[in-house]
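Asker: Here you go, sequence then predicted model.
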Amino acid sequence: MYFVTQAVVKRMIAQGRGVVVNLTSIHAYEGYQEHTVYAGTKGAIVAFTRCLAIELAPKGIRVNAIAPGAIEVQAHHEVFPDYDAAAMGRVIPAGFVGQPHDIAKAAVFLASDDARYIVGQTLIVDGGTTSWMPFGEGFRQAVGGQFGKKYVPGL
């Protein structure tokens, strides 16, 4: 990634504009057993994206990243012989595993002029996985208490 970016940025600088979209993972933000090195590298991509973005923005080049959650790819079937997309989808708030085209559409958006004011950001595309706090078996069960009560009138 670093060397590819280094190579394409030279031409972008000459053109006075360009877009770089890096791919990272939600593992940059959420811990998971046996993913220490993987998560560390994904966190580095987030930092690389932020720093490179502020260096290149004055040259007309936007740099952002996408952090996918569970996306159904062939590797899941190869690494986990009993992989079940429906079962995995049940633990994702959206209720399903994402598809490669979900990430492709996000990349097209970030590369477009519609995202011209988005610089140095990582777009999390994960069906809500990083939005819930996994303190128990699932996010679909009510906690049984209301947080923030008495802090905001009427809440």
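Answerer: Now that the structure is in, tell me what you want to look at.
Asker: all helices in this protein, in order from the N-terminus.
Answerer: Secondary structure of the chain (DSSP state H): helices located at 2-15, 36-56, 74-79, 85-89, 100-111.
Asker: okay, the angle between the second one and helix 2-15?
Answerer: In this case it means helix 36-56. In terms of direction (axes from the mean of the first three to the mean of the last three C-alpha atoms, to 10 degrees), helix 36-56 departs from helix 2-15 by 10 degrees.
Asker: so where's the protein shaky on pLDDT?
Answerer: Within the chain, the stretches with pLDDT under 70 are 133-155.
Asker: How many residues are close by V20?
Answerer: When neighbours are counted by other C-beta atoms under 10 Å, V20 registers 21. Glycine gets a C-beta too; all of them are placed from N, C-alpha and C.
Asker: Residues in a beta bridge with it, which ones?
Answerer: According to DSSP bridges, the partner residues bridging V20 are V63.
Asker: how near is it to T122?
Answerer: Distance, V20 to T122, using C-beta to C-beta, to the nearest Å: 13 Å.
Asker: ditto for C51
Answerer: Note on C51: its distance to T122, by C-beta to C-beta, is 12 Å.
Asker: Between these two, tell me which one has more neighbours.
Answerer: Taking other C-beta under 10 Å, C51 and T122 do not tie; T122 has more neighbours (22 against 12).
Asker: so what's the more buried one up against?
Answerer: 24, 28, 46, 49, 64-67 (C-beta atoms under 8 Å, 6 or more residues apart in numbering).
Asker: H35: which of those residues is nearest?
Answerer: Minimum distance to H35 across the contacts of T122 is 10.4 Å, recorded for A28 (C-beta to C-beta).
Asker: circling back: from the contacts of T122, pick the one nearest E55.
Answerer: Using C-beta to C-beta, the contacts of T122 come closest to E55 at T49, 11.0 Å.
Asker: Quick one: distance of stretch 119-136 to the chain centre.
Answerer: How far stretch 119-136 lies from its chain's middle: 7 Å, per C-alpha atoms, centre = their mean, to the nearest Å.
Asker: for the residue positioned nearest the centre of the chain, what are its contacts?
Answerer: By C-alpha atoms, centre = their mean, the chain has its centre lying nearest to A67, at 1.5 Å. For A67, the contacting residues are 24-26, 28-29, 42, 46, 122-126, by C-beta under 8 Å, 6+ apart.
Asker: Cross those residues against strands and list the overlap.
Answerer: 122-125 (DSSP state E).
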